[in-house]
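Novice: A structural model of the following input is requested.
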Amino acid sequence: MELDPAVEAQLQLSAFKGKFDVTEFVGGVSEKLIAQSKADAGPFDPIPFIKTFEAAVDKLIAVRKEVQAKTEQMEKSVRVSEREYSKKMADLNRGFESVGNSFSGMESRMNEVSSTAIRIGTCPGVYLAFLLMRCAGEQLETVHIERQRAQAAYDIIDYYNQFLKGDTSRLDTLRKEGRQGRRQVAVLLRRLNTVAKEVDLPTADKTRENIEKYCEKFEKEMLNLFDRCYRKGDPKMMHHCAQTLLEFNGGSSCIQVYVNQHDFFINNVRESKDVEDSLLWNVISNPDTIAPKNEAGLTELFAEIRATVDTEAQIVKAVFPNPPVVMQVFLQRVFAQSIQQHMEQLLHRAATMSELSYLRVLQLAHIQTSTLVEDLKVYELPASGSRMPFEAGELNKTLGGTANALPAASATLTTMLETAMEELFVPYLEGQRYLERESQSLGVLYTGLLANFTRYHRAKAPKAKSSIFDRVVNQLSTAAATTSSGGVQTTSAQAANAILRFGGLNAEKNPVDEEPVREEDGQLSVDVAEKMLKWHAEAIGRCVELSAPNDVSKNTFALLRVLAEAISTAYIEEAIETTQARLEASDPRAEPLLQVLAILRTVDLICHLWQQYVNTALIPLASSSVTIRREMLVFNNQTVSRLEGGVNQVMHRLTDAIVAWLSSQLSKQKRNDFKPKNDDLSFARVNTEPCVACCDMLEKVRDTAKTNLSGKNLEVFLTEVGISFHSLLLEHLRKFPVSATGGLMLATYIFSSPFLLVYLSLNLFHRDIRMYQDTVSNFGIASLTERFEFIRQLGQVFLLSPEILKSYITENYLGRIEPSLLKPYLAQRSDWGQFEKGFNDSDMPVDGTTSETKSRFGRLSVMMKELEGLKLEGLKLSEGISVGIPTLPSSFAGTFSMSSRPFAS
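Specialist: Reported below is the predicted structural model:
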């Protein structure tokens, strides 16, 4: 018969577990049958009840057989386990008896050895007896250790069986015996916890759970006792609790309770007061003020930390058995909570002001924290032992495993402090974060400082040819300004404005709103350069302070690039380009702009100051990296060379302007100036007007150059001007005829000799040459003096009589020139036609044509190189360039040299 599912569920084995009631069981089986019987109107029918209960009885019999089979199987397993357990206990008892017998035998042997040693104390075998006693003592110690291990293992097994039964009365009694009892309980619980993790029996999980619950209960009890003693100020009981917890689980929970409830952290969290340092926040954004080295709130916090640590060091040493670990945990909390929180507040406030403020606060925080770390390193506490009894230290040896390892100071306090400080500043110094902020800060400062300077030079810069883009922008701007008759912008004007806004071009910008540039805004200033170097030196100081030692050279090179971009490109080169543009745009007929030399003097001073700074402050910082040091030197030399090239171009153009102006003045020389009439007015004239103008300009050039240039730069510049003017005079003298009246107008003295008659006269021609010579001799350059002495001797050919002229041109400097090259000058004598034939018939070779003679005149300057005393050694300028005197100079011969340039080693 098929049973109803509800009845079938009540006949399962699970229904009989727990509390069982027969009445409820019978009622549940017949409940549905009773309901059906009541619903049937006929007489009572017992057949359904009989069939249902018969089937239920059969099912219950089957369940009983199944239960009996399981019971018999479990009883067999229990009997097997009991036999194994009894066997293990018997083996342990035999082991204990064997150890006891061995110990007793060893003790009796020791007694015998001792008695024997006493009897033969004075015999030669005393030493042998001593060795025997020592050997016996070592054996006894070994046996004692083994006995203790066995006893400890026996106790652990006994307590484990008690936890298996749920009986903890023995441990509770031991725990209430006082300090020694609690310490023994801590050791036993630690061992039991280790054993419970290793045992693999059917009841191991329940036993492990009981042990863990008791361990939690014991730990809470000890922590509560430690907390009460901490509040009462009882260091002895605190030490007992710390020692007990150290032996129990390493003591980490005790350390956390001590640190978390310390008044230092609680007060800081409650108060969180800020000390307002108004003086610091008022000046920290000003780059011209000295960078602050401390902040009042941070100083007060660090002073409190020093005082607290000084006090806590004594308490920790007296309370905890492992003081180094406790001090490290305490200081880690100080850095991670108190210091970091205060520093984040300072940096957040500084970041809202400027990049410079942020960097200065970061630096002062780093400096003060470094000082704090150095002060805290003196609290390096000695590591003491665990202060455990002998039995507590034998767990690993007994069980061959490890329990909860006791914490030890794996690193010294010094290492921990350095690591904590490094982690404190990692968010601000990691990667390129600091360097990017430093570079950005310098860029902002330099841009603000040079804003008016840049505006001035951009305003003075020559307008370049407009490109297609410029024309399109202008057309759009014009269209954007178009309005309808009603004053409303047209559709095309609105579209043009939209295009300009989208492209970032402001069509409504009014140049009238900008302040007009002033002349002084565009002048180079040493004070401005000093300010830029001062700001950069402060940044380098921060770089050394905040960068890792291995990154100092690399970061220094990066900041050097920022400085070079500002002081070289944006400052000096901008001024040089404007100066060059002014020279190019100047009127060649006007006097040269000699004030340019004053600009070059300022450039030289700034470069000298800049290079001294680089050599003194930056290059030594790259000594740790040979590669970076070499790159810095190459970069710096290239930058200075670029500046020297710009200055040389300015010098070239200035020299060309001076030479062009002198040439224009000489071109004003009248053809008959040296053929004066024989009257009083002609005799009253001292010098010609072109001569006076040229000499005045040369004196201005000399005075201005000596004021603004020095050393080789001055010598090269004046030499170039003098050589160029010398070439102009050579060309100039052969263009004007000189009459006998002009040549011998004032014959003063006559000297007689066997071969030579020299007439010395002071005429206009001779006076001009003398004035040129005197003016150039004031330059103080020997090579120029000798060159113009040649000019004076060349001028004498117009004054001497034809009888002595042949012998004169073969002497002194003229004697080193080919006679044919002098003919163009001799041809300017008014009496040349009278004695020309005599010169041609003599040693002088006859030229084919006059034009050929003139074309060969260019060789005169070449012959000048061979003149005695005119050999000018090459000037050693920057980078070893050697420059000699050119033949016909048309541009600046030398190179402007910046002083104090670093040289690669």
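Novice: in the stretch 551-700 of the chain, what spans have low per-residue confidence?
Specialist: For the stretch 551-700 of the chain, the stretches flagged by pLDDT under 70 are 671-686.
Novice: hmm, try it at 80
Specialist: 588-589, 669-687 (pLDDT under 80).
Novice: Helices along that one, start to end?
Specialist: 552-563, 574-585, 596-613, 626-666, 680-684, 689-708 (DSSP state H, counting those that start in this stretch).
Novice: of the ones you listed, which approaches Ala782 most closely?
Specialist: Ala782 lies closest to helix 689-708 among the helices of the stretch 551-700 of the chain, at 15.3 Å (Cβ to Cβ). In this view, the C-beta of every residue, glycine as well, is placed from N, C-alpha and C.
Novice: can you give me the angle that closest one makes with helix 596-613?
Specialist: Per axes from the mean of the first three to the mean of the last three Cα atoms, to 10 degrees, the angle that helix 689-708 makes with helix 596-613 is 20 degrees.
Novice: rewinding a little: looking at the helices of the stretch 551-700 of the chain, spot the one closest to Arg79.
Specialist: helix 552-563 (80.4 Å).
Novice: Return the distance of the closest one from the chain's centre.
Specialist: With Cα atoms, centre = their mean, to the nearest Å as the basis, helix 552-563 stands 8 Å off its chain's centre.
Novice: got the buried residues for that helix?
Specialist: Val552, Ser553, Lys554, Asn555, Thr556, Phe557, Ala558, Leu559, Leu560, Val562, Leu563 (16 or more other Cβ atoms under 10 Å).
Novice: ok, now stretch 697-710?
Specialist: Met697, Leu698, Val701, Arg702, Thr704, Ala705, Asn708, Leu709.
Novice: Next: stretch 639-646.
Specialist: The neighbour-count check on stretch 639-646 (16+ other Cβ under 10 Å) flags Thr639, Val640, Arg642, Leu643, Glu644, Gly646 as buried.
Novice: Export the buried residues of stretch 697-710 as CSV, with columns for distance to Glu66.
Specialist: Formatted as CSV, the buried residues of stretch 697-710 follow (distance: Cβ to Cβ, whole Å):
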residue, distance to Glu66
Met697, 134
Leu698, 135
Val701, 129
Arg702, 131
Thr704, 126
Ala705, 125
Asn708, 121
Leu709, 121
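Novice: now, which of the residues you listed sits nearest Asp310?
Specialist: Asn708 (64.5 Å).
Novice: which residues does the closest one contact?
Specialist: For Asn708, the contacting residues are Leu597, Ala598, Leu600, Arg601, by Cβ atoms under 8 Å, 6 or more residues apart in numbering.
Novice: List buried residues within those.
Specialist: Buried residues within the contacts of Asn708, defined by neighbour count using 16+ other Cβ under 10 Å: Leu597, Leu600, Arg601.
Novice: Leaving out sequence neighbours, find the closest residue to the last one.
Specialist: Right, Arg601. Asn708 (3.7 Å; Cβ to Cβ, 6 or more residues apart in numbering).
Novice: who's in contact with the spatially most central residue of the chain?
Specialist: Computing the C-alpha centroid of the chain and ranking residues by Cα atoms, centre = their mean puts Asn555 first, at 4.0 Å. Each residue near Asn555 by Cβ under 8 Å, 6+ apart is listed here: Leu435, Glu438, Cys543, Ser547.
Novice: With Trp661 instead?
Specialist: Counted by Cβ under 8 Å, 6+ apart, Trp661 has contacts Pro588, Arg589, Ala590, Glu591, Pro592, Met697.
Novice: Relative to Glu720, how far out is the second one?
Specialist: Spelled out, it's Arg589. 22 Å (Cβ to Cβ, to the nearest Å).
Novice: if we can go back for a sec, now the contacts of Trp661 as JSON lines including distance to Gln612?
Specialist: Putting these into JSON lines (distance: Cβ to Cβ, whole Å) gives the following:
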{"residue": "Pro588", "distance to Gln612": "39"}
{"residue": "Arg589", "distance to Gln612": "42"}
{"residue": "Ala590", "distance to Gln612": "38"}
{"residue": "Glu591", "distance to Gln612": "36"}
{"residue": "Pro592", "distance to Gln612": "32"}
{"residue": "Met697", "distance to Gln612": "36"}
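Novice: Where neighbours are concerned, which of those has the most?
Specialist: Pro592 (23 neighbours; other Cβ atoms under 10 Å).
Novice: how near is the closest residue to that residue other than its chain neighbours to Met697?
Specialist: Counting by Cβ to Cβ, 6+ apart, Ala657 is the residue found nearest to Pro592 once chain neighbours are left out, at 4.2 Å. According to Cβ to Cβ, Ala657 stands 11 Å off from Met697.
Novice: Mind listing the shared neighbours of the two?
Specialist: Pro592.
Novice: By residue count, what's the longest helix in this protein?
Specialist: helix 47-119 (DSSP state H).
Novice: any idea how far whatever helix or strand Phe725 lives in is from the chain center?
Specialist: In the assignment (DSSP states H and E), Phe725 maps to helix 711-733. Centre-to-centre, helix 711-733 and its host chain are 51 Å apart (Cα atoms, centre = their mean).
Novice: same deal with stretch 634-646?
Specialist: Chain-centre distance of stretch 634-646: 25 Å, with Cα atoms, centre = their mean.
Novice: CA atoms of it as PDB?
Specialist: What follows is stretch 634-646, C-alpha atoms only, in PDB (Å, rounded to 0.1, in the frame of the first residue of the first chain):
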ATOM      1  CA  VAL A 634      77.900  71.000 -23.200                       C
ATOM      2  CA  PHE A 635      74.500  72.600 -22.800                       C
ATOM      3  CA  ASN A 636      75.900  75.600 -21.000                       C
ATOM      4  CA  ASN A 637      78.700  76.200 -23.500                       C
ATOM      5  CA  GLN A 638      76.200  75.900 -26.400                       C
ATOM      6  CA  THR A 639      74.000  78.500 -24.700                       C
ATOM      7  CA  VAL A 640      76.800  80.900 -24.100                       C
ATOM      8  CA  SER A 641      78.100  80.400 -27.700                       C
ATOM      9  CA  ARG A 642      74.700  81.200 -29.000                       C
ATOM     10  CA  LEU A 643      74.700  84.500 -27.000                       C
ATOM     11  CA  GLU A 644      78.200  85.200 -28.200                       C
ATOM     12  CA  GLY A 645      77.100  84.700 -31.800                       C
ATOM     13  CA  GLY A 646      74.200  87.200 -31.300                       C
END
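Novice: with the contacts of Trp661 in mind, which one is nearest to Ile781?
Specialist: Distance to Ile781, by Cβ to Cβ, is smallest for Met697 among the contacts of Trp661, at 17.2 Å.
Novice: residues in contact with the closest one?
Specialist: Listed by Cβ under 8 Å, 6+ apart, the contact partners of Met697 are Glu591, Pro592, Ile658, Trp661, Leu662, Gln665.
Novice: Repeat that for Glu312.
Specialist: Contacts of Glu312 (Cβ under 8 Å, 6+ apart): His262, Met327, Phe330.
Novice: Next, count neighbours for the residue nearest to the last one when sequence neighbours are not counted.
Specialist: Spelled out, it's Phe330. Closest residue in space to Phe330, ignoring its immediate chain neighbours: Val259 at 5.4 Å, by Cβ to Cβ, 6+ apart. Neighbours of Val259 under the rule other Cβ under 10 Å: 18.
Novice: what helix or strand is Val259 on?
Specialist: Assigned by DSSP H and E, Val259 falls in helix 252-260.
Novice: Provide the contact partners of that helix at residue level.
Specialist: With contact meaning Cβ under 8 Å, 6+ apart, helix 252-260 is reached by 219, 222-223, 226-227, 230, 241-242, 245-246, 265, 319-320, 325-326, 329-330, 333, 407.
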